[in-house]
Structures are given as structure tokens and as C-alpha cells.
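# My questions are about this predicted structure, shown below with the sequence.
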Amino acid sequence: MSPRGAKLAARLGAGIRRHRRSLGFTQAALADKLGSSTEYVSLLVPGRRLPSVPMLVDLAHVLGASLDELLTKEADEARSTSVPSIVASVPRDVRPYVYGMLQGIARVAAQRRRRRR
């Protein structure tokens, strides 16, 4: 890997670690959600490997982050008020209720958007 690629891999790995931890995911849980192996994720986190573009998109989706958020530290401040970080701060036994409320809000918002068209 080139020096530039190594720097990018290290930044990305730090972003993956940061977002994974904020959601309470283990490396194994993240690998499961990605349909990948724990070994592969364990290579990404310390920056020993760069993911493919499709895997990078999947990582961002699973972690509830933009690609920019995975590559920069500045996004952490905004993330503290993001839905995934708020849900992660709720006790595990209450999360299904929170998800249910969010799904209800999303349904109402979608209905309102359809009515406006």
C-alpha cells in the first residue's frame, strides 16, 4: 500500500472504530451486518486494508454514517445528535420501542410527502 493509501486506510479504520463503538457493535456484529468475516473487519479497523467501493458504501450504511464522517474527525460533533448515536445511548431493552416510534414517525412523514405531491 502506498503511503497515501496507508494514511487513508488509517483514517478510515479510525472512523469505522469510532462509529462502531458509538453504536455498541463488536467487530463480529459489524461483520455479521456486512455479510463479511470478522477477520476482514479486523483488517479494516487498524487500517491494514482498504475496502472495495461497494464495501465502503455498505460500511457507511450499516454504521449510519456518510463517507465523509467515516474519513474525518470533525463529523463526531454532529454525530452526537444523530439518530444512531441517540438510539445507542438508550438501554438495549428499550431500543425496540424507540425503533418502533421512529418507524411510526417515518411512516407519517412519508404520508405527508405523498399528500403534498
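Great, that's in hand.
# Every contact and neighbour count from this point should use C-alpha atoms.
OK.
# mind listing what's buried in the strand or helix carrying Arg4?
Element membership of Arg4, judged by DSSP states H and E, is helix 3-22. In terms of neighbour count (16 or more other Cα atoms under 10 Å), helix 3-22 has its buried residues at 8-20, 22.
# Pick the one among those residues closest to Arg117.
Taking Cα to Cα as the measure, Arg117 lies nearest His19 of these, at 36.1 Å.
# Hmm, the closest one is touching Leu63, no?
Yes: the criterion here is Cα atoms under 8 Å, and His19 meets it with Leu63 at 6.2 Å.
# Starting from Ser52, give me the distance back to the residue nearest the centre of the chain.
Residue closest to the mean C-alpha point of the chain, counted by Cα atoms, centre = their mean, is Leu63 at 1.1 Å. Distance of Leu63 to Ser52, given as Cα to Cα, to the nearest Å: 16 Å.
# got it, and Val98?
For Val98, the distance to Ser52 - Cα to Cα - is 33 Å.
# Longest helix of this protein, counting residues only.
In the chain, with assignment by DSSP state H, the single longest helix is helix 95-116.
# Show the average pLDDT along that one.
Helix 95-116 carries an average pLDDT of 85.
# Ile16 against Leu70, yeah?
Yes: with contact defined as Cα under 8 Å, Ile16 counts as touching Leu70 (6.1 Å).
# Next SSE downstream of the one helix or strand in the chain whose mean pLDDT sits lowest?
Every helix and strand in the chain was compared by mean pLDDT, DSSP states H and E; the lowest is helix 75-79, with a mean of 51. Note on helix 75-79: by DSSP H and E, the next helix or strand toward the C-terminus is helix 83-88.
# and Val83, what does it touch?
By Cα atoms under 8 Å, 6 or more residues apart in numbering, no residues touch Val83.
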